[in-house]
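Colleague: Please work out how this folds:
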Amino acid sequence: MAAVRVLLLSGRPESQPRAPGAELPTNRGVDLAVAVVLQSSDQTVLLTRRTRTLNVSPNLWVPPGGHVEPDEELLDAGLRELWEESGLQLPQGQFFWVPLGLWESAYPPRLSWGLPTYHHIILYLLVISQESQQQLQARIQPNPREVSALMWLGPDVAAAVAATEDGTETPRHLPQDLPPSVLAVELEENGGTRPLVLPTSTLLRTTPATADSQERVSTGTKFALRLWLQHLGSVTPLPCGSGAHWDPGPAREEQNVDHPPTTNQGSGKQSA
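Modeller: Numbering: from 1, shown residues only. All right, here's what the predicted structure looks like:
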(Lines give C-alpha, C1' and ligand atoms only; values in the text may rest on other atoms or scores of the structure.)
Protein backbone atom coordinates (compact mmCIF):
# COMPACT_ATOMS: atom_id res chain seq x y z
CA MET A 1 0.00 0.00 0.00
CA ALA A 2 2.94 2.36 0.60
CA ALA A 3 3.80 2.21 -3.08
CA VAL A 4 0.26 3.18 -3.98
CA ARG A 5 0.40 6.21 -1.72
CA VAL A 6 3.62 7.34 -3.38
CA LEU A 7 1.97 6.80 -6.75
CA LEU A 8 -0.73 9.29 -5.80
CA LEU A 9 1.85 11.98 -5.21
CA SER A 10 4.56 11.39 -7.76
CA GLY A 11 3.07 9.29 -10.53
CA ARG A 12 5.32 6.24 -10.00
CA PRO A 13 6.38 4.00 -7.06
CA GLU A 14 9.34 5.35 -5.11
CA SER A 15 10.81 1.84 -4.85
CA GLN A 16 11.01 1.46 -8.63
CA PRO A 17 12.83 4.48 -10.09
CA ARG A 18 12.94 4.65 -13.87
CA ALA A 19 15.70 6.15 -15.97
CA PRO A 20 14.75 9.20 -18.08
CA GLY A 21 13.25 8.11 -21.39
CA ALA A 22 12.67 4.51 -20.27
CA GLU A 23 9.50 3.00 -21.70
CA LEU A 24 6.84 1.36 -19.57
CA PRO A 25 6.44 -2.37 -20.21
CA THR A 26 3.57 -3.16 -22.57
CA ASN A 27 2.52 -6.31 -20.68
CA ARG A 28 2.11 -4.86 -17.19
CA GLY A 29 -1.61 -5.66 -17.24
CA VAL A 30 -3.03 -2.62 -15.44
CA ASP A 31 -2.76 0.92 -16.85
CA LEU A 32 -2.91 4.16 -14.89
CA ALA A 33 -5.46 6.77 -15.93
CA VAL A 34 -6.51 10.16 -14.58
CA ALA A 35 -9.98 11.71 -14.80
CA VAL A 36 -10.68 15.38 -14.01
CA VAL A 37 -13.83 16.28 -12.10
CA LEU A 38 -13.89 19.95 -13.10
CA GLN A 39 -15.94 22.10 -10.71
CA SER A 40 -17.04 25.59 -11.69
CA SER A 41 -17.19 28.44 -9.20
CA ASP A 42 -20.99 28.00 -9.07
CA GLN A 43 -20.59 24.35 -8.04
CA THR A 44 -21.40 22.35 -11.14
CA VAL A 45 -19.18 19.65 -12.65
CA LEU A 46 -18.46 18.84 -16.29
CA LEU A 47 -19.38 15.47 -17.79
CA THR A 48 -18.80 14.43 -21.40
CA ARG A 49 -20.49 11.69 -23.42
CA ARG A 50 -18.07 9.41 -25.22
CA THR A 51 -18.78 8.85 -28.90
CA ARG A 52 -20.48 5.67 -30.11
CA THR A 53 -17.47 4.77 -32.29
CA LEU A 54 -14.97 4.35 -29.43
CA ASN A 55 -13.83 0.78 -28.74
CA VAL A 56 -13.96 1.18 -24.96
CA SER A 57 -17.03 2.41 -23.05
CA PRO A 58 -18.88 3.98 -25.98
CA ASN A 59 -21.80 6.32 -25.27
CA LEU A 60 -21.00 6.67 -21.56
CA TRP A 61 -21.09 9.91 -19.58
CA VAL A 62 -17.73 10.43 -17.85
CA PRO A 63 -15.40 13.23 -16.74
CA PRO A 64 -12.58 14.09 -19.17
CA GLY A 65 -9.64 11.75 -18.68
CA GLY A 66 -7.29 9.14 -20.08
CA HIS A 67 -3.94 7.41 -19.82
CA VAL A 68 -0.99 8.87 -17.95
CA GLU A 69 2.04 9.02 -20.24
CA PRO A 70 5.48 7.78 -19.06
CA ASP A 71 7.11 10.30 -16.68
CA GLU A 72 4.03 12.55 -16.80
CA GLU A 73 2.87 14.14 -13.56
CA LEU A 74 -0.67 13.22 -12.56
CA LEU A 75 -2.09 16.75 -12.61
CA ASP A 76 -0.39 17.46 -15.93
CA ALA A 77 -1.95 14.31 -17.39
CA GLY A 78 -5.40 15.34 -16.18
CA LEU A 79 -5.12 18.88 -17.53
CA ARG A 80 -3.80 17.54 -20.86
CA GLU A 81 -6.76 15.18 -21.19
CA LEU A 82 -9.15 17.99 -20.24
CA TRP A 83 -7.69 20.13 -23.02
CA GLU A 84 -7.61 17.31 -25.59
CA GLU A 85 -11.27 16.37 -25.02
CA SER A 86 -12.93 19.70 -24.23
CA GLY A 87 -10.53 22.35 -25.52
CA LEU A 88 -10.39 23.90 -22.04
CA GLN A 89 -7.11 25.28 -20.72
CA LEU A 90 -7.33 26.58 -17.17
CA PRO A 91 -5.51 29.87 -16.52
CA GLN A 92 -2.65 29.63 -14.05
CA GLY A 93 -3.62 30.89 -10.62
CA GLN A 94 -7.34 30.34 -11.14
CA PHE A 95 -7.79 26.80 -9.88
CA PHE A 96 -6.71 24.38 -7.17
CA TRP A 97 -6.96 20.61 -7.02
CA VAL A 98 -7.24 17.65 -4.66
CA PRO A 99 -7.26 13.86 -5.27
CA LEU A 100 -10.73 12.40 -4.69
CA GLY A 101 -10.09 8.65 -4.88
CA LEU A 102 -8.98 5.58 -6.82
CA TRP A 103 -11.21 3.36 -8.96
CA GLU A 104 -10.43 -0.02 -10.51
CA SER A 105 -12.06 -0.20 -13.93
CA ALA A 106 -12.41 -3.13 -16.33
CA TYR A 107 -13.94 -3.29 -19.79
CA PRO A 108 -16.22 -5.02 -20.60
CA PRO A 109 -17.76 -4.03 -17.26
CA ARG A 110 -19.43 -7.39 -16.53
CA LEU A 111 -18.23 -10.99 -16.97
CA SER A 112 -21.58 -11.70 -18.61
CA TRP A 113 -20.36 -9.43 -21.43
CA GLY A 114 -17.11 -11.36 -21.80
CA LEU A 115 -13.63 -11.40 -20.27
CA PRO A 116 -12.04 -7.99 -19.61
CA THR A 117 -9.72 -6.73 -22.34
CA TYR A 118 -8.88 -3.37 -20.70
CA HIS A 119 -7.94 -2.85 -17.06
CA HIS A 120 -7.20 0.51 -15.44
CA ILE A 121 -6.64 2.14 -12.10
CA ILE A 122 -8.26 5.56 -12.40
CA LEU A 123 -7.31 8.46 -10.16
CA TYR A 124 -10.12 10.99 -9.95
CA LEU A 125 -8.82 14.53 -9.43
CA LEU A 126 -11.12 17.33 -8.32
CA VAL A 127 -10.04 20.54 -10.07
CA ILE A 128 -11.86 23.60 -8.74
CA SER A 129 -11.93 26.60 -11.05
CA GLN A 130 -12.52 30.23 -10.09
CA GLU A 131 -14.50 30.62 -13.31
CA SER A 132 -18.25 30.12 -13.54
CA GLN A 133 -19.99 27.47 -15.61
CA GLN A 134 -20.92 30.14 -18.16
CA GLN A 135 -17.31 31.35 -18.47
CA LEU A 136 -15.96 27.82 -18.88
CA GLN A 137 -18.71 26.80 -21.30
CA ALA A 138 -17.92 29.78 -23.54
CA ARG A 139 -14.40 28.41 -24.15
CA ILE A 140 -15.27 24.74 -24.65
CA GLN A 141 -14.41 23.21 -28.03
CA PRO A 142 -15.18 19.47 -27.76
CA ASN A 143 -13.09 16.96 -29.70
CA PRO A 144 -15.64 15.20 -31.97
CA ARG A 145 -13.46 12.07 -32.20
CA GLU A 146 -13.98 11.43 -28.47
CA VAL A 147 -16.90 13.58 -27.29
CA SER A 148 -20.46 13.61 -28.66
CA ALA A 149 -22.11 15.76 -25.95
CA LEU A 150 -21.40 17.53 -22.68
CA MET A 151 -23.29 18.81 -19.65
CA TRP A 152 -22.80 20.58 -16.34
CA LEU A 153 -24.28 18.68 -13.41
CA GLY A 154 -25.38 20.37 -10.20
CA PRO A 155 -25.31 18.80 -6.71
CA ASP A 156 -29.01 17.81 -6.59
CA VAL A 157 -29.03 15.78 -9.79
CA ALA A 158 -25.50 14.51 -9.07
CA ALA A 159 -26.71 13.11 -5.73
CA ALA A 160 -29.51 11.19 -7.45
CA VAL A 161 -27.10 9.84 -10.06
CA ALA A 162 -24.56 8.79 -7.42
CA ALA A 163 -27.28 6.95 -5.49
CA THR A 164 -27.74 4.55 -8.41
CA GLU A 165 -24.11 3.35 -8.35
CA ASP A 166 -23.90 -0.36 -9.26
CA GLY A 167 -23.37 -2.57 -6.22
CA THR A 168 -24.12 0.11 -3.66
CA GLU A 169 -26.09 -0.89 -0.58
CA THR A 170 -27.46 2.61 -0.14
CA PRO A 171 -31.27 2.73 -0.52
CA ARG A 172 -32.14 4.43 -3.77
CA HIS A 173 -34.63 6.99 -2.45
CA LEU A 174 -34.66 9.63 -5.16
CA PRO A 175 -35.88 13.18 -4.44
CA GLN A 176 -39.52 13.80 -5.30
CA ASP A 177 -38.62 17.14 -6.91
CA LEU A 178 -35.93 15.68 -9.20
CA PRO A 179 -36.23 17.45 -12.58
CA PRO A 180 -37.50 15.19 -15.39
CA SER A 181 -34.69 16.31 -17.69
CA VAL A 182 -31.34 18.09 -17.73
CA LEU A 183 -29.98 20.42 -20.38
CA ALA A 184 -26.88 19.30 -22.29
CA VAL A 185 -25.07 20.33 -25.47
CA GLU A 186 -24.76 17.86 -28.36
CA LEU A 187 -22.27 18.00 -31.23
CA GLU A 188 -23.62 18.08 -34.77
CA GLU A 189 -22.04 16.39 -37.79
CA ASN A 190 -21.18 19.75 -39.34
CA GLY A 191 -19.08 20.69 -36.31
CA GLY A 192 -21.68 22.87 -34.63
CA THR A 193 -23.60 22.25 -31.43
CA ARG A 194 -27.27 22.14 -30.45
CA PRO A 195 -29.15 22.00 -27.14
CA LEU A 196 -30.00 18.52 -25.91
CA VAL A 197 -32.82 17.89 -23.44
CA LEU A 198 -31.70 14.67 -21.77
CA PRO A 199 -34.18 12.68 -19.65
CA THR A 200 -32.87 12.42 -16.10
CA SER A 201 -33.82 8.72 -16.17
CA THR A 202 -31.01 8.20 -18.72
CA LEU A 203 -28.48 9.26 -16.08
CA LEU A 204 -29.94 6.88 -13.49
CA ARG A 205 -29.47 3.71 -15.54
CA THR A 206 -27.26 0.95 -14.17
CA THR A 207 -25.00 -1.42 -16.08
CA PRO A 208 -27.12 -3.94 -18.03
CA ALA A 209 -26.50 -7.68 -17.68
CA THR A 210 -25.79 -8.13 -21.39
CA ALA A 211 -23.50 -6.21 -23.74
CA ASP A 212 -25.12 -2.93 -24.58
CA SER A 213 -23.89 0.53 -25.61
CA GLN A 214 -26.94 2.15 -24.00
CA GLU A 215 -26.35 5.73 -22.92
CA ARG A 216 -25.73 5.99 -19.17
CA VAL A 217 -23.32 7.36 -16.57
CA SER A 218 -20.39 5.03 -15.92
CA THR A 219 -20.25 3.33 -12.52
CA GLY A 220 -16.84 4.87 -11.79
CA THR A 221 -18.26 8.31 -12.54
CA LYS A 222 -21.09 7.73 -10.04
CA PHE A 223 -18.46 6.81 -7.46
CA ALA A 224 -16.53 10.02 -8.24
CA LEU A 225 -19.70 12.12 -7.99
CA ARG A 226 -20.38 10.67 -4.54
CA LEU A 227 -16.88 11.66 -3.42
CA TRP A 228 -17.33 15.12 -4.95
CA LEU A 229 -20.54 15.66 -2.98
CA GLN A 230 -18.82 14.56 0.23
CA HIS A 231 -15.99 16.99 -0.48
CA LEU A 232 -18.45 19.76 -1.32
CA GLY A 233 -20.18 19.35 1.99
CA SER A 234 -17.07 19.12 4.17
CA VAL A 235 -14.44 21.46 2.75
CA THR A 236 -14.46 25.23 2.36
CA PRO A 237 -12.65 26.22 -0.87
CA LEU A 238 -9.20 27.67 -0.32
CA PRO A 239 -7.83 30.77 -2.06
CA CYS A 240 -6.63 29.69 -5.50
CA GLY A 241 -2.94 29.82 -6.26
CA SER A 242 -1.01 28.76 -9.33
CA GLY A 243 -2.49 25.31 -9.59
CA ALA A 244 -2.52 25.12 -5.80
CA HIS A 245 -2.83 21.64 -4.29
CA TRP A 246 -4.78 21.21 -1.08
CA ASP A 247 -2.96 18.60 1.02
CA PRO A 248 -5.43 16.15 2.60
CA GLY A 249 -2.87 15.16 5.24
CA PRO A 250 -1.46 11.72 6.13
CA ALA A 251 -4.62 10.40 7.80
CA ARG A 252 -6.89 11.14 4.86
CA GLU A 253 -4.27 9.98 2.39
CA GLU A 254 -4.12 6.65 4.21
CA GLN A 255 -7.90 6.42 4.09
CA ASN A 256 -7.90 7.05 0.36
CA VAL A 257 -6.04 3.81 -0.26
CA ASP A 258 -6.89 1.41 2.51
CA HIS A 259 -10.49 1.98 3.56
CA PRO A 260 -13.96 2.67 2.14
CA PRO A 261 -14.73 6.39 1.84
CA THR A 262 -16.20 8.08 4.89
CA THR A 263 -15.23 11.71 4.24
CA ASN A 264 -14.05 13.22 0.98
CA GLN A 265 -11.85 10.45 -0.37
CA GLY A 266 -12.10 6.75 -1.08
CA SER A 267 -11.19 3.83 -3.22
CA GLY A 268 -13.42 1.68 -5.37
CA LYS A 269 -13.22 -1.63 -7.14
CA GLN A 270 -15.88 -2.20 -9.72
CA SER A 271 -16.50 -2.05 -13.44
CA ALA A 272 -16.55 0.94 -15.74
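
Colleague: Any figure for the gap between the closest residue to residue 114 other than its chain neighbours and residue 101?
Modeller: The shortest distance from residue 114 to any non-neighbouring residue, by Cβ to Cβ, 6 or more residues apart in numbering, is to residue 108 (5.2 Å). From N, CA and C alone the C-beta is placed, and that goes for glycine too. Look at residue 108 and residue 101: by Cβ to Cβ, to the nearest Å, they are 23 Å apart.

Colleague: again with residue 74
Modeller: Counting by Cβ to Cβ - residue 74 and residue 101 are separated by 13 Å.

Colleague: Neighbour count: these two, which is higher?
Modeller: residue 101 (27 against 20; other Cβ atoms under 10 Å).

Colleague: Provide the partner residues of that one in its beta bridges.
Modeller: Residues in a beta bridge with residue 101, per DSSP bridges, are residue 124, residue 266.

Colleague: Residue 224 is in contact with that one, correct?
Modeller: Yes: with contact defined as Cβ atoms under 8 Å, residue 101 counts as touching residue 224 (7.1 Å).

Colleague: Identify the contacts common to these two.
Modeller: Common contacts of residue 101 and residue 224, defined by Cβ atoms under 8 Å, 6 or more residues apart in numbering, comprise residue 124.

Colleague: can you tell me which residues contact residue 42?
Modeller: 132, 133.

Colleague: Give me the pLDDT value at it.
Modeller: We have a pLDDT of 97 for residue 42.

Colleague: same deal with residue 145?
Modeller: Per-residue confidence (pLDDT) for residue 145: 94.

Colleague: same deal with residue 241?
Modeller: 42.

Colleague: Would you map the strands across the protein?
Modeller: 31-39, 45-50, 60-62, 65-67, 95-107, 118-129, 147-153, 181-187, 193-199, 216-217, 242-245, 266-269 (DSSP state E).

Colleague: Now do the longest one: which elements does it pack against?
Modeller: Put plainly, it is strand 95-107. In terms of contacts (3 or more Cβ pairs under 8 Å, 6 or more residues apart in numbering; DSSP states H and E), strand 95-107 is packed against helix 2-10, strand 118-129, helix 219-234, strand 242-245, helix 249-258, strand 266-269.

Colleague: Tell me what angle it forms with helix 219-234.
Modeller: 150 degrees (axes from the mean of the first three to the mean of the last three Cα atoms, to 10 degrees).

Colleague: okay, and for the stretch 1-150 of the chain, where does confidence drop off?
Modeller: Scanning the stretch 1-150 of the chain for pLDDT under 70 picks out the ranges 1-28.

Colleague: one more time with 90, if that's ok
Modeller: Where the stretch 1-150 of the chain drops to pLDDT under 90, the residues are 1-31, 53-58, 71, 92, 105-120.
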